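Peer 1: Next input, structure requested:
(2 chains)
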Amino acid sequence: MSINNPLTKNIEKGRAPFTFAEYKAAGGYQSFANAIKMAPRDVMGQVKDAGLGGRGGAGFNTGLKWSFSPDPDGLPRYLVVNADEMEPGTFKDRLLMESDPHLLIEGMITASYAIQATTGYIFLRGEYTVAEENLLKAIAEAYDNGMLGKNIQGSDFSLDIYLHTSAGRYICGEETALINALEGKRANPRFKPPFPQVSGLWGRPTLVNNVETICNIPGILTYGVDWFKGLGLGDECGTRISGVSGRVKNPGCWEMPVGTTFRTLLEDYAGGMQDGYELKAFLPGGGSTDFLMPEHLDLPMIPGEVAKAGSRLGTSLIMVLDDKTCPVGTVRNLIKFFAHESCGWCTPCRDGLPWVEHILNKMEEGKGEMKDIEILKEMCGYMGPGNTFCALAPGAAEPLQSSLKYFMDEYESHVKHGCSYKSH
Amino acid sequence: MNNIIASTALKARQLTDEEIHEIEHEKTHYPYAQAVGLEALKIVQKYQGWVSDESLLAVSEYLDIPPDDLEGVATFFNMIFRRPVGKNVILLCDSVACWMLGCDDLKAHITSVLGIEYGETTEDNLFTLIPVPCLGDCDRAPSMMVGRELYRNLTNEKIDQIIADYKAKA
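Peer 2: The predicted model follows:
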């Protein structure tokens, strides 16, 4: 099989997304026909064997996640696509939904068969208005062509898909908060267990998966597990969308084999740093990941390898910090975001983040004190894993703690002399 | 009703036929009416510009959601406006990629051109300026939205043009 870019093969800059007919002519909507010949658990098994890891940030094996859902009992169960892309520096799901909406719909149909979902919801960020229009059109076309609704393609399997547009809250990316939001409640995270696979939306088994994760399903069920495994570099499986923002020559996101290094992404795809700017550090996968340094550029973009270097791959869209931008100001901007987006449920997040923001403001204004640096260090612990209900505050602590590790001289200099960078 | 809403709102207003029609359509997507709460608020906001106490009470009564619960949802989400806004809401991204590429300068420019700070509305009621968390458009930063339209790779000159275009349309 020659296709090596299954996520973006139908995407061409400046052209409208494929209609149903065009998408089908390009080989689309085959995965359901293949899946329906198999038992749902076997479809799940294929996805598990393919080694597909979740693309939302956590990286957990998708087939394994699905396998935790109990056997069907004839009552409703749900597939929810997390399309609430709001991690600072992340812009990959926007591309997929705006440019090839049928890929997501096909993935949802096949995934829903595997987990025997009766209804699928796309939980879309409200600000993604183009994605909203394109998805609504694609869903309508899929109904018109018998790929959604009752007895799809003459089978016993029926599925409805609805688009829910949200209204802007980062916490909705947390899957139990997303479920609360979808039920019409405030999007506070829920206690786990029970996990959503067992008791999620309206107390029914629910799988929540990221857009890009689901977009990988059609390929696996069309071309097979071996093909998917062959896409990655070395032992890695599949492709993923990675990208770069910040002061590089050619910011953007591209599909590449899993296992590609940060250096290849930064230098070959993004064209390297803009003239006059040097790479100081980078966030490997969104605002809630620890900074990495230029010496980490040769790491492959694999969750395990990035973890060894003390960070997380996250969404694998990297943000470069250049030598002319203040690292303390950058962290302040990130913390301001997280403080604003905290749902307010637990104290380390609700009170800790505004406190950190206040201290960083002081430092930027030249009013910082040496004891503030100690408070920042302590706060990383208070907001860290195990002290909060969900991952928001621990995620927010990651850029803070790593900046304290790598840029202590900058913090001390801020306390002593104020901020010396021009651009804020 | 002994709550904050009751102290300011006289009573629920009548929802329009258009609003009811769209809310009814959303209701077909969910097994429980409460799930439609946010969508209904967005529908009301689309037609009224914002969600007044009277509108909130109307949705609360129509969907049989306690007003406090619905207010909890309305105030939770960034994009539900519980105060009046201008005809065009400018959502300027102030997250990290846009900040690195100069969104603070753009904000200062908008403020100097329109005379409004974040959260304020121009006297002619044409524009409200609000900061928005990461718009997911970081490769074309700095970015902003005006209403449902996205504008990218912004400069002061581009912003002048965009503002002029909206003024011309008014």
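
Peer 1: Quick check on whichever residue of the stretch 251-400 of chain A sits closest to chain B: phi, psi?
Peer 2: Taking C-beta to the nearest C-beta as the measure, the stretch 251-400 of chain A has A:P251 as its residue closest to chain B, at 3.9 Å. For every residue, glycine as well, the C-beta is placed using N, CA and C. In terms of degrees, to the nearest 10, the main-chain angles of A:P251 are phi -60, psi 150.

Peer 1: Excluding residues flanking it in the chain, which one is nearest it?
Peer 2: Distances taken as C-beta to C-beta, 6 or more residues apart in numbering or on different chains place B:D139 nearest to A:P251, at 3.9 Å, with adjacent residues excluded.

Peer 1: need the contact list for the spatially most central residue of chain A.
Peer 2: The residue lying closest to the centre of chain A (C-alpha atoms, centre = their mean) is A:G56, at 2.8 Å. A:G56 sits next to A:N82, A:G173, A:N209, A:N210, A:E212, A:T213, A:T315 when contact means C-beta atoms under 8 Å, 6 or more residues apart in numbering or on different chains.

Peer 1: From the residues you listed, which land in helices?
Peer 2: Counting by DSSP state H, those place A:E212, A:T213 in helices.

Peer 1: Which of the contacts of A:G56 sits closest to A:K416?
Peer 2: Using C-beta to C-beta, A:T315 is the member of the contacts of A:G56 that lies nearest A:K416, at 36.0 Å.

Peer 1: okay but the closest one is in contact with A:G286, surely?
Peer 2: Yes. Using C-beta atoms under 8 Å, A:T315 makes contact with A:G286 at a distance of 4.7 Å.

Peer 1: and for these two, which residues touch both?
Peer 2: Counting by C-beta under 8 Å, 6+ apart, the common neighbours of A:T315 and A:G286 are A:G57, A:E87, A:G89, A:T90.

Peer 1: Pick out the most distant pair among those.
Peer 2: Greatest spatial distance among the shared contacts of A:T315 and A:G286 (C-beta to C-beta): A:G57 and A:G89, at 11.7 Å.

Peer 1: out of those two, which sits in the busier spot?
Peer 2: Between A:G57 and A:G89, counted using other C-beta atoms under 10 Å in any protein chain shown, the more crowded position is A:G89 (32 against 23).

Peer 1: So for the more buried one, what's the pLDDT?
Peer 2: Note on A:G89: pLDDT of 95.

Peer 1: which element is the nearest residue to it once chain neighbours are set aside on?
Peer 2: Sequence neighbours aside, A:M319 is the residue nearest to A:G89 in space, at 4.1 Å (criterion: C-beta to C-beta, 6+ apart). Using DSSP states H and E, the element containing A:M319 is strand A:317-322.

Peer 1: still on that earlier bit, most neighbours, which of the contacts of A:G56?
Peer 2: A:T315 (30 neighbours).

Peer 1: For that residue, give me its contacts.
Peer 2: Contact analysis of A:T315 by C-beta under 8 Å, 6+ apart lists A:R55, A:G56, A:G57, A:E87, A:G89, A:T90, A:K92, A:G285, A:G286.

Peer 1: Mind doing that once more with 6 Å?
Peer 2: A:G57, A:E87, A:T90, A:G285, A:G286 (C-beta atoms under 6 Å, 6 or more residues apart in numbering or on different chains).

Peer 1: Show me what from chain B comes close to chain A.
Peer 2: Applying C-beta under 6 Å from any C-beta of the partner chain, one finds that chain B approaches chain A through B:29, B:34-35, B:37, B:72-73, B:76-80, B:95-97, B:99-100, B:133-139, B:148.

Peer 1: What are the contacting residues of stretch A:255-267?
Peer 2: So stretch A:255-267 is contacted by A:5, A:7-8, A:231-234, A:236, A:238-242, A:297-302 (C-beta under 6 Å, 6+ apart).

Peer 1: Which members of those are positioned in helices?
Peer 2: Judged by DSSP H, helices contain the following of these: A:L231.

Peer 1: thinking A:G63 is in contact with A:K48, fair?
Peer 2: Yes. Counting by C-beta atoms under 6 Å, A:G63 touches A:K48, with 2.6 Å between them.

Peer 1: Same drill for these two, tell me which one is more crowded.
Peer 2: Using other C-beta under 10 Å, the more surrounded residue of A:G63 and A:K48 is A:G63, with 20 against 17.

Peer 1: and the more buried one, what helix or strand is that in?
Peer 2: Assigned by DSSP H and E, A:G63 belongs to helix A:62-67.

Peer 1: before we move on, back to that, what does the strand holding A:M319 contact?
Peer 2: Defining contact as C-beta under 6 Å, 6+ apart, one finds that strand A:317-322 is touched by A:89-90, A:243-248, A:277, A:279-284, A:330.

Peer 1: quick check: mean pLDDT across stretch B:24-34?
Peer 2: What stretch B:24-34 shows for mean pLDDT is 96.

Peer 1: Buried residues in it, which are they?
Peer 2: Neighbour counts over stretch B:24-34 (16 or more other C-beta atoms under 10 Å in any protein chain shown) mark B:E26, B:K27, B:H29, B:Y30, B:A33, B:Q34 as buried.

Peer 1: Determine which two of those residues are furthest apart.
Peer 2: Going by C-beta to C-beta, the pair spanning these furthest: B:H29 and B:Q34, at 12.8 Å.

Peer 1: What are the boundaries of the strands in chain A?
Peer 2: Taking DSSP state E to define them, one finds strands in chain A at A:78-83, A:119-124, A:160-165, A:206-210, A:239-245, A:252-257, A:279-283, A:317-322.

Peer 1: Just put the ones you listed in CSV and tack on mean pLDDT.
Peer 2: CSV is the format used below for the strands of chain A (pLDDT from 0 to 100):
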stretch, mean pLDDT
strand A:78-83, 98
strand A:119-124, 98
strand A:160-165, 98
strand A:206-210, 97
strand A:239-245, 98
strand A:252-257, 98
strand A:279-283, 98
strand A:317-322, 97
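
Peer 1: pLDDT weak spots in the stretch 101-250 of chain A?
Peer 2: The model of the stretch 101-250 of chain A has no residue with pLDDT under 70.

Peer 1: near chain B, which residues of it?
Peer 2: By C-beta under 6 Å from any C-beta, the residues of the stretch 101-250 of chain A that approach chain B are A:G126, A:E127, A:T129, A:Y162, A:A167, A:G168, A:R169, A:E183, A:G184, A:R186, A:S245, A:G246.

Peer 1: Near the closest residue to the last one other than its chain neighbours, how many residues? Count them for me, please.
Peer 2: Once flanking residues are discounted, A:G246 sits nearest to A:V320: 3.7 Å by C-beta to C-beta, 6+ apart. By the criterion of other C-beta under 10 Å, A:V320 has 26 neighbours.

Peer 1: what bridges to A:V320?
Peer 2: When assigned by DSSP bridges, A:V320 has beta-bridge partners A:F282.

Peer 1: could you check the angle strand A:252-257 makes with the strand holding A:M319?
Peer 2: 130 degrees (axes from the mean of the first three to the mean of the last three C-alpha atoms, to 10 degrees).

Peer 1: And chain B, split by domain according to the record?
Peer 2: Structural domains assigned to chain B are B:17-74, B:88-169, following automatic domain parsing.

Peer 1: right, and these - which one's nearest A:A393?
Peer 2: Among the domains of chain B, the nearest to A:A393 by C-beta to C-beta is domain B:88-169 (16.3 Å).

Peer 1: and A:A117, what does it touch?
Peer 2: Listed by C-beta under 6 Å, 6+ apart, the contact partners of A:A117 are A:R77, A:Y78, A:L79.

Peer 1: most surrounded residue in those residues?
Peer 2: Top of the contacts of A:A117 by neighbour count (other C-beta under 10 Å): A:L79, with 29 neighbours.

Peer 1: Isn't that one up against A:T206?
Peer 2: No. With contact defined as C-beta under 6 Å, A:L79 does not reach A:T206; the gap is 7.6 Å.
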